[in-house]
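Novice: what follows is a predicted protein model with its sequence.
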Amino acid sequence: MEGADAEKANMMQSETKISEITRRDIFDCLRSENWHGRLEEIEFLSRIFDLKALPSNDARFRDAGSDIWQHRINNPGDWIFKDSRFQLEDGPDEVLLRFLCETIHSVVRPEITDCVRLCELYNDLLKHDGYEIVERTRISGRPVFAARYIGLHAAPAVRTARDCLVEADESYVAQQITRMESAISTDPSLAIGTAKELVESCCRTILASR
């Protein structure tokens with residue numbers, strides 16, 4: 001892995017880009033979808049985490065694997081999202097992304113249509129934070145998914161500026177917005193410089209209209 005691919009991989013491992021809003025929306029989605037699929041909760045989590053290495057939150061048990069059943073009784077359904085040991089609520093992006101990919105693994109969810117539907121739901125939420133989940137390979141004719149960083153290509157503020165200013169037939173402003181949009185992921189320095197020019201153009205437009 002070299003160049004841009006290596007940079008993207010390192011970014012996924014070291015930074016937290018998925019916002020609290022996106023995480024909460026994803027958890028709301030999973031509450032109605034049975035996150036562990038056809039597997040038992042412990043069986044599912046063992047595919048991702050070393051439960052014997054994680055501590056117990058209950059003094060009666062030695063490790064996380066031993067007390068999960070008690071957690072499920074006390075916090076039915078969505079306990080996993082708030083359990084700090086699994087870092088889904090505020091941990092590294094790669095932890096949450098791996099969890100999501102596992103929820104649509106064919107071993108967990110045998111119906112391909114269900115996997116694809118959930119994948120599309122995830123991507124609709126993740127795109128705002130620069131990620132997407134894609135089919136990486138197939139096992140026995142069924143898809144296996146992986147996450148990748150794709151960058152932020154459509155900033156809401158940029159779209160708002162385009163809608164407000166281009167209507168005023170400001171061709172130079174339109175050029176600035178186009179240049180900034182194309183440079184956001186490929187040349188951040190150019191995007192920042194263009195953003196400064198755009199602010200100046202906006203101010204001049206406001207002053208001229210008044």
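Specialist: Received the coordinates, thanks.

Novice: show me the shaky parts of this protein.
Specialist: 1-15, 58-59, 61-62, 65-67, 69-77, 152-172, 174, 182, 185-186 (pLDDT under 70).

Novice: beta partners of the residue lying closest to residue 106 once chain neighbours are set aside?
Specialist: What sits nearest to residue 106 in space, not counting adjacent residues and going by Cβ to Cβ, 6 or more residues apart in numbering, is residue 142, at 3.7 Å. Yep, even glycine has a C-beta here, placed from its N, CA and C like the rest. Beta-bridge pairing for residue 142 (DSSP bridges): residue 139.

Novice: so residue 142 sits against residue 114, correct?
Specialist: No - the pair residue 142 / residue 114 is not scored as a contact, 11.3 Å apart, by Cβ atoms under 8 Å.

Novice: which residues sit in contact with the closest residue to residue 26 other than its chain neighbours?
Specialist: The shortest distance from residue 26 to any non-neighbouring residue, by Cβ to Cβ, 6+ apart, is to residue 125 (5.7 Å). Residues in contact with residue 125 (Cβ atoms under 8 Å, 6 or more residues apart in numbering) are 22, 25, 26, 29.

Novice: what's the most distant pair in these?
Specialist: Spatially, the most separated pair among the contacts of residue 125 is 22 and 29, at 10.6 Å (Cβ to Cβ).

Novice: residue contacts, the residue most central in space within the chain?
Specialist: Nearest to the mean C-alpha position of the chain, counting by Cα atoms, centre = their mean, stands residue 126 at 3.7 Å. Counting by Cβ under 8 Å, 6+ apart, residue 126 makes contact with 18, 22, 26, 132, 133, 147.

Novice: for the first one, give its distance to residue 145.
Specialist: In this view, residue 18 and residue 145 are 16 Å apart by Cβ to Cβ, to the nearest Å.

Novice: how about the second one?
Specialist: Remark: distance between residue 22 and residue 145 (Cβ to Cβ) = 18 Å.

Novice: can you list the domain ranges for this protein.
Specialist: As assigned by automatic domain parsing, the chain contains the domains 3-149, 156-209.

Novice: most neighbours per residue, which of those domains?
Specialist: domain 3-149 (a mean of 16; mean count of other Cβ atoms under 10 Å).

Novice: so how far is it from its chain's centroid?
Specialist: Computed by Cα atoms, centre = their mean, to the nearest Å, the chain-centroid distance of domain 3-149 equals 11 Å.
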